[in-house]
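> Quick check, what structure comes out for this input:
(2 chains)
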Amino acid sequence: MRTEANARVRARGLLGSALAKAAAYLVMGTFTLMTVYPLFWLTMNSFKTTREFQVNMLGLPMDPTLENFRMAWEFGEFGKLFPNSFIYTIGTTALVIALSVLAGFAFAKIPRRVTKWIYGSFVVGILLTINTLMIPLFIEVTMLGIYNTRLAVLLVYVGAGLPIGIYLSTEYIRGIPTALVESARIDGAGYFTIFRRIILPMAAPVATTLAILQICSTWNEFALINILVSRTELKSLPLGIFKFSSSLSTDYGKQFAALVIGMAPMLLFYVAFRKQITRGVAAGAVKG
Amino acid sequence: MTHAKRIDREAGRAYWMMILPAFLIYLAVMAFPIVLSFILSVSNYSGGKMFGENAEKWSLVGFAQYLRVVKDPWFWNALKNNLYIVGISVFGQLPLGFVFAYIIYRRLVKAPGFWQGVLYVPNIISIIVVGLLWQSIFSPNGPIAQVVNDLARGEFQGKLSGLMDGVGHLDLSDGALSRILDLGGQAARDMFTDPVPELRDLLSSYGAEEGAMVANDLTNLLVNRWTPEFLNVKEVAMLPILFVILWMYTGMYLILFLANMQKIDAQIIESARIDGANEMQVMRHIIIPALTGTIVNSAILAISGSLSSFALIFALTGGGPGRITEILSIYMYRSAMSGSRDYPLANAIALIMVVISILLIVLTKAIEKRWGGKEE
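Presented below is the predicted three-dimensional model:
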């Protein structure tokens, strides 16, 4: 009697879990398909001529061509956009990491009463989204005479990246035992020496997180550079791709090729560093 | 004593040298614009040189701009759209992200890394690419329209051949012609001034053996083509935008929830299961309580994300049709950058957004106190 009841319960449990699994696959499958298909569709259509696209939007390209890419590359002046994007991304990332780890060390290990206020102001900045300041920034940059310069872009990008950078590095360096710093002090080492010899080598993990966060956000940034720069020579990839929206809205082939060129670098980056990116995002989503 | 003082001074110098570069840039890029936007919002400055020789004349005129903003219906429209974005995040992305994370965490599906990896992909792509991609998908001549029109065409052709079958020739009766026209509805009739005779005239121009061609041409002529204006109908233009936002950012919440679920001690769940708790009970009594901080944190991220969003709507609709899909940032951008160069108004909007952010920060601190301690 009891074993029979047990078996029934177990059977129901098995059935329930099979159903739950089927439902789980259905849910995940649907949303994964919804995520992937538009991107696949875009890529596939970038190999069709605009004429073919208009009659065959859903099928595979009948006569794949690279012509769209050639024309998009030329029209979009991607040869100029790519170097700019690299300059902005690498420059911002390097500066944010260097300044954040340096200041983070000071905040974490050099006791000063003023830290509470200055560090606090950075933490507040995490939620103070800089996009809300794009108009005053535009006016400031114009006033300073640095509109349409790489300097302005780098300055604004670094300023925008510092709050989260400083928050993460300060919290990280706080976790390094203070005894290490103190014993070096007793040995007569200056703070800059301690920074170089002890802190910097230990800060590699937080520097990696910052690099990941900063590369993703800088490479894709649009709202700010849109008000800082108008010359093609200074434009980044997203700004250049935006050109394909209005002037070319009917030349689908070229537009799709431009979008594929635009998303390819980040997709490759993601494929290469997926684990680090995922960890970085989870660590970076702090409210301060 | 002097020794200690010297050491302290050395420490102080090192401290300032380490923080000043960062702090000065931060002041220039975050603090100064806030002050500037306040000054400009109570002035009548609208471009040109501010100081020095040949400077434009401008003066402080008071808080009139704020009154203008509050009285402007487009401000409230933009604010409402910002709230819609918060809404889709809190009631769409958060629960979906939670469910996905839960499914992966409890191993209801195999290959956890695969699902997580794929669902995060839209986050990694430039917002401009995403905006333009969906713009072409939603376009009146885009793939959605084509799929629906192909289906409608097939159905029409089926019905049409049903009507023409058995007649065998093209000399159809008035009744048959009328039924053919009925397939296309009122729109088909509107193409003619006198539908039935004109259609007969048209058909008489075909040879008797051209039946297939007639069917094809009639379909092309009479079938109702659907040209959906997803992004151009005032009443619903926000819906596709909200959909794209959902599509793009749900994966981020999935990652947040999953990362925090993985911090929960697996043994607690195991022993609860052994004690007979079912899946729902585990979720209600173990997982959700452990994630309260994450849920609150995500909601706050959603609000600040809504305030900072700009590029997606800029690329998808540019705030149109009319100004119906503007959010605060686009409302501000448009005030300053298009036509009138209304700097005072734009800066008043900027400052209002800053104040909302500050309220948010205060709220965060209050919540932090309420739940005690920091959680990621």
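
> chain center to stretch A:111-130, what's the gap?
Offset of stretch A:111-130 from its chain centre (C-alpha atoms, centre = their mean, to the nearest Å): 23 Å.

> So it, near chain B or not?
Yes - for stretch A:111-130, a contact with chain B is found by C-beta under 8 Å from any C-beta of the partner chain, at A:Arg112, A:Ile118, A:Ser121, A:Phe122, A:Val124, A:Gly125, A:Leu127, A:Leu128, A:Thr129, A:Ile130. Heads up, the C-betas are built off the backbone N, CA and C, glycines and all.

> Spell out which helix or strand contains the closest residue to the last one other than its chain neighbours, please.
When you say that, I think you mean A:Ile130. Residue nearest to A:Ile130 in three dimensions, not counting chain neighbours: A:Ala160, with 4.4 Å by C-beta to C-beta, 6 or more residues apart in numbering or on different chains. Element membership for A:Ala160 (DSSP states H and E) is helix A:150-174.

> Buried residues, that helix. List them.
A:150, A:152-173 (16 or more other C-beta atoms under 10 Å in any protein chain shown).

> packing partners for it?
Applying 3 or more C-beta pairs under 8 Å, 6 or more residues apart in numbering or on different chains; DSSP states H and E, one finds that helix A:150-174 contacts helix A:78-109, helix A:115-127, helix A:134-143, helix A:204-220, helix A:223-228, helix A:252-284, helix B:2-26.

> rerun that using 10 Å as the cut-off
Judged by 3 or more C-beta pairs under 10 Å, 6 or more residues apart in numbering or on different chains; DSSP states H and E, helix A:150-174 is in contact with helix A:78-109, helix A:115-127, helix A:134-143, helix A:204-220, helix A:223-228, helix A:252-284, helix B:2-26, helix B:32-41.

> tell me the mean pLDDT over the helix or strand hosting B:Phe75?
Per DSSP H and E, B:Phe75 falls inside helix B:73-88. In this model, helix B:73-88 carries a mean pLDDT of 94.

> Figure out how far the next helix or strand after it is from the centre of its chain.
The helix or strand immediately downstream of helix B:73-88 is helix B:94-105, counting by DSSP H and E. Centroid displacement of helix B:94-105 relative to its chain, using C-alpha atoms, centre = their mean, is 20 Å.

> likewise stretch B:301-316?
Using C-alpha atoms, centre = their mean, the offset of stretch B:301-316 from its chain centre is 7 Å.

> do it and chain A meet?
Yes - residues of stretch B:301-316 contacting chain A under C-beta under 10 Å from any C-beta of the partner chain: B:301, B:303-312, B:314-316.

> Quick one: mean pLDDT for that stretch?
In the prediction, stretch B:301-316 has an average pLDDT of 90.

> Ok, stretch B:182-201 next?
Mean predicted lDDT for stretch B:182-201 stands at 79.

> Tell me the buried residues in it?
Buried residues in stretch B:182-201 (16+ other C-beta under 10 Å): B:Leu183, B:Gly184, B:Ala188, B:Arg189, B:Pro195, B:Val196, B:Leu199.

> for the residue lying closest to A:Asp63 once chain neighbours are set aside, helix, strand, or coil?
Closest residue in space to A:Asp63, ignoring its immediate chain neighbours: A:Glu52 at 7.0 Å, by C-beta to C-beta, 6+ apart. When classified by DSSP: H, G, I helix; E, B strand; the rest coil, A:Glu52 comes out as helix.
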